[in-house]
Each structure stands twice: as structure tokens, then as C-alpha cells.
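[1] structure here, sequence nowhere to be found:
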């Protein structure tokens, strides 16, 4: 396979995203319907076998997205591995706790790393359709979702059943109704009591608000470059704003018009999410070189072992790098762009 072919299969355009509308048990529950779920890199924790997955190959983490109109909720659930969100458009009210009793509203560019063993959900508030990218730790993201028992109860009667193995049965699409003994058992009160809780004040260290991003000393001497270290391990070489042991980390690069950073490789899996502007990516691997342009919302999984350079083509560009380690090393640079 040529480098250009590898690039083509590793690129997902925002305008070409294919949603799933029945990915989870609550997908038809009134107030939780009308959701779009996207599996961009890896199947994540989607329960439906009918969910479209753009890129199946993972390297320690999955990239997904959630889109929904105002007033629509993603119901209370918990994960066994890291779950991080980057809000792309709209306003999202995150709520958490066994009764969803705590909350915070996040907007464009805000990042949150939600602890494991904690029930959480979110809904879009305001007037606009909301969309955010999600990062799920692990190749299989810990094996699925743990639903609050009320969510499973509320879903009854709408044609979706969750089996004990985590798979979703959709009788509207022709699946047979499962036997009672096949269904996912509801959590008991004793089991619910084992889940953690955080006050809003305790959750804020897990949030990096866009307005509060602070620059770090850039790894690159190029002018017109701002680098941000957003989420990563407390013992990391970088001073991450959110210090959390998630096995993934997030950095960001803001490039003024015409600015660039040289080709480099950190030795870990990287996925680029282009948030604003047009960003040219030059990929180098085994003596080959290929280029592509990322526009707003595009996602690119850098081929394993390749180096890449970034160049801003228009206005200011802003690009997130999601890395498959919460202890990323300094980049090894090759030739400039």
C-alpha cells in the first residue's frame, strides 16, 4: 500500500460522517431519541451491530462523536475506561452522579475528561444543534457501557433490548424478542452504591475551558505557533491543564496564517482533529511524502510510525492531537516543511 492510499483510508471528512440513530438502548426513549452517534475510529462502545464505523483499526483508543438537537439527552451511563469530550458546536450540559444531580455547561473548544466509575450523561441546551467529539480509552473501550437501571427501564416498549453480552436487539429492524434470561440484569442498589460521585467543584479540575487554555513552551521554534497541553498524566513531561491517568492525552496547535511546524514523530499513535481553519498536513514515511488539507471538523489518523508536519493555509487554524499515551515524549524532528 502506498503512503497516499494509507492517508486516504485514514481520513474522515466532517461533511461525510455517517451517523447511527439506534446505537444504544436509549435511542428511542422520548427525550433521548433524535440523537446521532458516530464511530469515526473504532467501534467504541456502540451496542448496535448496524452502527457504521468509518475506520475500524484502533491503537489504544477510539474516536467517536455525538450530535443532537436542543433538549435531547444522552442518558446516565458509566464507562470502564477513559471518556473525554471536545465540544465542537453548541452548548452541552453535562450532568453526573447516581441521580444526575451535578452539572456544568460546556461550549466550543471546552474539553472534559470524565472519571471512570461515575454515572454521567449530557444534553444540548440553547437553540443550536450540538456536536462534540469523544475519545474512549482502550481498543475495545473496556467492553461496553454500564447503564443506570432507570435508563433500561425507561427504554422498555420502544423495540430495543440490551442483552447480557452487551449486544443490542432491535425488534423494529426485525430482530426477534430475546428471552428474559438473556437480558442485561439491572444494577442493584448495593451495586449503585459502589459508584463514585463528584461535586461540581471537584469535577472542574477535569475540565479545560477554551477561554482558559494556557500556552506551553512550544516544542518547535517556528514563529506563529501556540502549543497547548490539555489532558495528560500528572507525572508527564508536560504541564497538562487536566491531570488525569487516562492512557490518552490531548494537545493542540494554534497556527497563525502561514505558520507551520516541522515534520516530527512522538513515537505514539496520533489522531488529528482539525477544529478551525484549513491545515495542510505533510506526511513522511519510508522515504515517501504525501499531503492532504484538513478543513473544519475533519479527522485524520496519522499512519503508524509516520512523521507529519502542519502548515496553516488560511486565517488562524486550530488542530487537536489525540495521542495513545498520557505520558507522551518530546517529538523527534525530521526535515522542515
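    Perfect, I can see it now. Owing to the predicted nature of the structure, the values given are computational and were not obtained by experimental measurement.

[2] skip the chain neighbours and tell me the closest residue to residue 172.
    What sits nearest to residue 172 in space, not counting adjacent residues and going by Cβ to Cβ, 6 or more residues apart in numbering, is residue 159, at 4.0 Å. Heads up, the C-betas are built off the backbone N, CA and C, glycines and all.

[3] before we move on, what about residue 87?
    residue 132 (4.5 Å).

[4] pretty sure the one you found contacts residue 84?
    No. With contact defined as Cβ atoms under 8 Å, residue 132 does not count as touching residue 84 (10.1 Å).

[5] which residues of the stretch 1-150 of the chain fall in helices?
    Here the stretch 1-150 of the chain has its helices, by DSSP state H, counting those that start in this stretch, at 3-9, 149-155.

[6] hey, least reliable of those by pLDDT?
    Note on those: lowest mean pLDDT is at helix 3-9, with a mean of 89.

[7] tell me what that helix is packed against?
    strand 270-285, strand 288-294 (3 or more Cβ pairs under 8 Å, 6 or more residues apart in numbering; DSSP states H and E).

[8] winner for burial among those?
    Compared across the helices and strands packed on helix 3-9, strand 270-285 shows the largest average neighbour count, a mean of 21 (mean count of other Cβ atoms under 10 Å).

[9] how far off strand 288-294 does that one point, in degrees?
    140 degrees (axes from the mean of the first three to the mean of the last three Cα atoms, to 10 degrees).

[10] direction included, what does strand 270-285 pair against?
    Applying DSSP bridges, strand 270-285 is found paired with strand 288-294 (antiparallel), strand 299-301 (antiparallel), strand 307-323 (antiparallel).

[11] average pLDDT for it, rounded please.
    The model assigns strand 270-285 a mean pLDDT of 97.

[12] and that strand, how far from the chain's centre?
    17 Å (Cα atoms, centre = their mean, to the nearest Å).

[13] likewise stretch 170-183?
    30 Å.

[14] now do the same end-to-end measure for that stretch.
    From its first residue to its last, stretch 170-183 covers 13 Å (Cα to Cα, to the nearest Å).

[15] for that stretch, buried residues please.
    If you call a residue buried by 16 or more other Cβ atoms under 10 Å, then stretch 170-183 has these buried ones: 170, 175, 178.

[16] now swap in stretch 21-35 and tell me
    22, 23, 24, 25, 26, 27, 28, 29, 32, 35.

[17] can I get those in CSV with distance to residue 201 and pLDDT?
    CSV is the format used below for those (distance: Cβ to Cβ, whole Å; pLDDT from 0 to 100):
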residue, distance to residue 201, pLDDT
22, 37, 75
23, 33, 73
24, 30, 84
25, 32, 88
26, 29, 90
27, 33, 88
28, 36, 91
29, 31, 93
32, 28, 90
35, 30, 91
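
[18] what about the buried residues of stretch 170-183, which are in strands?
    Among the buried residues of stretch 170-183, DSSP state E puts residue 170 in strands.

[19] dump the buried residues of stretch 170-183 into CSV; add distance to residue 304 and pLDDT as well.
    Listed next are these as CSV, based on distance: Cβ to Cβ, whole Å; pLDDT from 0 to 100:
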residue, distance to residue 304, pLDDT
170, 35, 89
175, 37, 87
178, 39, 90
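
[20] got the buried residues of stretch 170-183 as a markdown table, with distance to residue 105 columns?
    Listed next are these as a markdown table, based on distance: Cβ to Cβ, whole Å:
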| residue | distance to residue 105 |
| --- | --- |
| 170 | 33 |
| 175 | 37 |
| 178 | 38 |
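
[21] for the buried residues of stretch 170-183, which one is nearest residue 320?
    residue 170 (33.6 Å; Cβ to Cβ).

[22] run through the bridge partners of that closest one.
    residue 160.

[23] look up how far residue 59 lies from it.
    30 Å (Cβ to Cβ, to the nearest Å).

[24] most neighbours per residue, which of the helices of the stretch 1-150 of the chain?
    Buried most deeply of the helices of the stretch 1-150 of the chain, by mean count of other Cβ under 10 Å, is helix 149-155, with a mean of 18.

[25] which residues touch that helix?
    Residues outside helix 149-155 that contact it (Cβ atoms under 8 Å, 6 or more residues apart in numbering): 25, 26, 28, 29, 75, 76, 77, 162, 184, 186, 187, 192.

[26] rerun that using 6 Å as the cut-off
    Outside of helix 149-155, the residues within contact range by Cβ atoms under 6 Å, 6 or more residues apart in numbering are 25, 26, 29, 75, 76, 186, 187.

[27] for those, work out which two are farthest apart.
    Pairwise over the contacts of helix 149-155, using Cβ to Cβ, the maximum falls at 29 and 187, 17.6 Å.
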